[in-house]
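*Asks:* Model the structure of this input:
(4 chains)
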Number of protein chains: 2
Amino acid sequence: MAPAPHVAKREDSLTRGERKNLTRNGLLQAALNLIGEGRSFTSLGIREIAREAGIVPNAFYRHFRNTDELGLALVEEVGITLRRLLREARQVGEGKSEMVRRSVLVYQHYVKQNRLLFLFISSERAGGSRILRLAIRNEVSHFTHEMAQDLRRLGAYEGLSTSSLQMICGLIVTAMLGAAPEILDLPAGQPLLEAEMTEDFVRQLQLILLGASCWRDQPPALLASSRMRPKQP
Amino acid sequence: MAPAPHVAKREDSLTRGERKNLTRNGLLQAALNLIGEGRSFTSLGIREIAREAGIVPNAFYRHFRNTDELGLALVEEVGITLRRLLREARQVGEGKSEMVRRSVLVYQHYVKQNRLLFLFISSERAGGSRILRLAIRNEVSHFTHEMAQDLRRLGAYEGLSTSSLQMICGLIVTAMLGAAPEILDLPAGQPLLEAEMTEDFVRQLQLILLGASCWRDQPPALLASSRMRPKQP
DNA sequence: CTGCATTGTGTACAAGTGTCCACTGAAAGT
DNA sequence: ACTTTCAGTGGACACTTGTACACAATGCAG
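*Replies:* Residues are numbered from 1 along each chain as shown, chains lettered A, B, ... in the order given. So this is what the prediction gives:
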C-alpha cells in the first residue's frame, strides 16, 4: 500500500500548517467527489471520506469533529462560490436586450462548472442535518441581499422599496436554485432538451422582471389586520 | 418482547391481503416517522425501518426489494397528496380580492398538516437516489399541469398560450416547493416570524400573477435559429 | 380435510461503522 | 541540541448493517 501519497507535488519545503491545510482540502474534495458519484452527503461516513482522501480514518479527527463540521466547511466554500457567481454575472453588461438570456447562460455554465458544489447545495439545502440546512440558507440569504444591491446599483427599478426588491430577488434566487438540480440531471448530449429548459428558465425570469416593472409598493402595510383598503393598481 | 403487535384493532376477521396491506402501510408510516425525527430518507436502512414498524428485518423483503422501492411507494402517496391539495385549493373561491393570500394560508396549513410527506418531497426532490428524484419530478410535473388546467378553467389569463400558462405554473410550483422547507423549519410559537414569511410569500405570488397579467406571448419566437417565423398566436 | 402459498420469525455471517488508545516521526520552539 | 507538539498510523472494541437459509404459523384453494 502506498504511504499516503496525498501530496503529489514537492513533498518538501512545506510548512506544517500548509501540509495540514492540504490534507484538509483533500478531505473536502473527497467528500465532494463522493457526492459526485451519486452518494448523498448526509449518508457519508468518516471512514468513507478518509479512505477517498487517502488517509487513515482516525486522521479525520485532526481536522473535523464529525461530518457535520466538514459540511459547514463546505458551506463556506459555497458562500465563496456564490460570490464569484455574482462577480461574473455583473460582467454580462447592461444592454437590456437579451440580457436575461445571457445571464441564464452564464448561470448554467457556472452550475456545470461547479457541479459538485451545486449538487451539495441543492440536496442539503432542504434535507439532512438541520445545522447544515440553516447554514446554507444563511449563505443563500446573503447572496440574495447582494443581488438586490446589485440590481439597485444597476439603476433600474428605482421606484421599488428595498424590501420589495429583496422579495423579488428572493423569488429569482428560488427559481435559480430550483433550476440547478434539473441542469445537473441533464443527460449529456441532448442539446435540444437543454435548449428547451433554457428557454423555459429565460421566460420565467422575464416574467418575474416584467412583474417587477409593473409592481407598485403598497402605501399602507396591511400586514396583520386587513381592515384597510389594499387598492393595489 | 411482544409478538408483533402491529395490529391493535381486531386481529381476527382480516383477510390475508388486508393484513399484508396493513403492515405495508406500517412500513411506509415507519419510514415517514423516522424522517420526522430528523433522519433523511436516503440514509434510512432496512433494519431501521423494520424495527420502527415493529417487524423483523427480513419481513421487509416481503413488501419491497429495497428502500428505493419503498421510496417509490411514498412518491405515489405524494401524488395523491398533491392532488388533494389542488382540490382544496379550488375551494378558496374566486373572489379576486385577497384570493392569493387565502390560497397561501391554505397551502401553509396543508404543508403543516402533511408535514412528513412534505419533508420527504423537499429533501428527496433534489438529493439522494436518482430514481426517486425523477419520480418526484414527474409527480410535480403532473401537479403543474393540472394547476395550469385549473387556471385556464378559472377564466382569467385568456390571452395566454398553453405553453406560457405552464411556464407560469412551473414558476409558481417552484416557489411553493421552495417555501415548504422554510414552513417546516419554522420554530413553533413564533407567530410574527411566520406572518412575515407568509407576507413575503404572498407578495411573491402576487408579483408572478402581476407579471402574468402583463405577459404577451412573443409573436416571433427567437429560439434557436431566428430565421423561420413560427407565428404563435 | 389436505396441501400449498405466503407472511413473519430466528439464527447466522461477513462486512462496514464510529471511536478509543498507544504509538511514530518529523517539524517547530527553546 | 534538546524537548515539545501534533498530523498521521495501526490495532482493537462494540455495534450496526444487508442478506441468506431454514423454519413456523396460518389463510385459502383444491
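
*Asks:* Is chain B within reach of the helix or strand hosting residue A:175?
*Replies:* For residue A:175, the host element (DSSP states H and E) is helix A:162-185. Yes. Contact between helix A:162-185 and chain B, assessed by Cβ under 8 Å from any Cβ of the partner chain, occurs at A:164, A:167-168, A:170-171, A:174-175, A:177-178, A:180-182, A:185. In short, each C-beta sits where N, CA and C put it, glycine included.

*Asks:* Show me how to select, in ChimeraX, the buried members of these.
*Replies:* Here is the ChimeraX command that selects the buried residues among those (16 or more other Cβ atoms under 10 Å in any protein chain shown):
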select /A:164,167,168,170,171,174,175,177,178,180,181,182
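
*Asks:* so what's residue A:67 up against?
*Replies:* By Cβ atoms under 8 Å, 6 or more residues apart in numbering or on different chains, the contact set of residue A:67 is A:31, A:41, A:44-46, A:49.

*Asks:* does any part of stretch A:144-161 sit near chain B?
*Replies:* No. Judged by Cβ under 8 Å from any Cβ, stretch A:144-161 makes no contact with chain B; its nearest approach is 10.7 Å.

*Asks:* ok, and for that stretch, which residues are buried?
*Replies:* A:144, A:147-148, A:151, A:157, A:160.

*Asks:* CA atoms only for that stretch - export them in PDB, please.
*Replies:* Extracted as PDB, the C-alpha positions of stretch A:144-161 are listed here (Å, rounded to 0.1, in the frame of the first residue of the first chain):
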ATOM      1  CA  THR A 144     -30.000  37.400  -2.300                       C
ATOM      2  CA  HIS A 145     -29.100  40.500  -0.400                       C
ATOM      3  CA  GLU A 146     -26.100  41.200  -2.600                       C
ATOM      4  CA  MET A 147     -28.100  40.600  -5.700                       C
ATOM      5  CA  ALA A 148     -30.600  43.200  -4.600                       C
ATOM      6  CA  GLN A 149     -27.800  45.700  -4.000                       C
ATOM      7  CA  ASP A 150     -26.500  44.900  -7.500                       C
ATOM      8  CA  LEU A 151     -29.900  45.500  -9.000                       C
ATOM      9  CA  ARG A 152     -30.300  48.700  -7.200                       C
ATOM     10  CA  ARG A 153     -26.800  49.900  -8.300                       C
ATOM     11  CA  LEU A 154     -27.800  49.000 -11.800                       C
ATOM     12  CA  GLY A 155     -30.300  51.800 -11.800                       C
ATOM     13  CA  ALA A 156     -33.400  50.000 -12.900                       C
ATOM     14  CA  TYR A 157     -36.300  49.600 -10.600                       C
ATOM     15  CA  GLU A 158     -35.900  52.900  -9.000                       C
ATOM     16  CA  GLY A 159     -39.400  53.100  -7.700                       C
ATOM     17  CA  LEU A 160     -39.200  49.900  -5.700                       C
ATOM     18  CA  SER A 161     -38.700  49.900  -1.900                       C
END
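
*Asks:* Could you pull up the mean pLDDT of it?
*Replies:* Throughout stretch A:144-161, pLDDT has a mean value of 92.

*Asks:* which residues sit against that stretch?
*Replies:* Residues outside stretch A:144-161 that contact it (Cβ under 8 Å, 6+ apart) are A:83, A:86, A:89-90, A:94, A:162, A:165-166, A:168-170, A:172-173, A:212-213, A:215-217.

*Asks:* Number of residues surrounding residue A:204?
*Replies:* 25 (other Cβ atoms under 10 Å in any protein chain shown).

*Asks:* Surely it touches residue A:175?
*Replies:* Yes. Assessed by Cβ atoms under 8 Å, residue A:204 is found in contact with residue A:175 at 5.7 Å.

*Asks:* Quick check: neighbours shared by these two?
*Replies:* Counting by Cβ under 8 Å, 6+ apart, the residues touching both residue A:204 and residue A:175 are B:171, B:174.

*Asks:* follow-up on the earlier one: how about the residues of helix A:162-185 next to chain B in TSV, adding pLDDT and distance to residue A:36?
*Replies:* Conversion of the residues of helix A:162-185 next to chain B to TSV gives the following (pLDDT from 0 to 100; distance: Cβ to Cβ, whole Å):
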residue	pLDDT	distance to residue A:36
A:164	96	39
A:167	98	34
A:168	98	33
A:170	98	29
A:171	98	30
A:174	98	25
A:175	98	25
A:177	98	19
A:178	97	21
A:180	98	14
A:181	97	14
A:182	96	17
A:185	95	13
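
*Asks:* Which ChimeraX command selects the buried ones in the contacts of stretch A:144-161?
*Replies:* Filtering the contacts of stretch A:144-161 down to the buried ones (16+ other Cβ under 10 Å) takes a single ChimeraX command:
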select /A:165,166,168,169,170,172,173,212,215
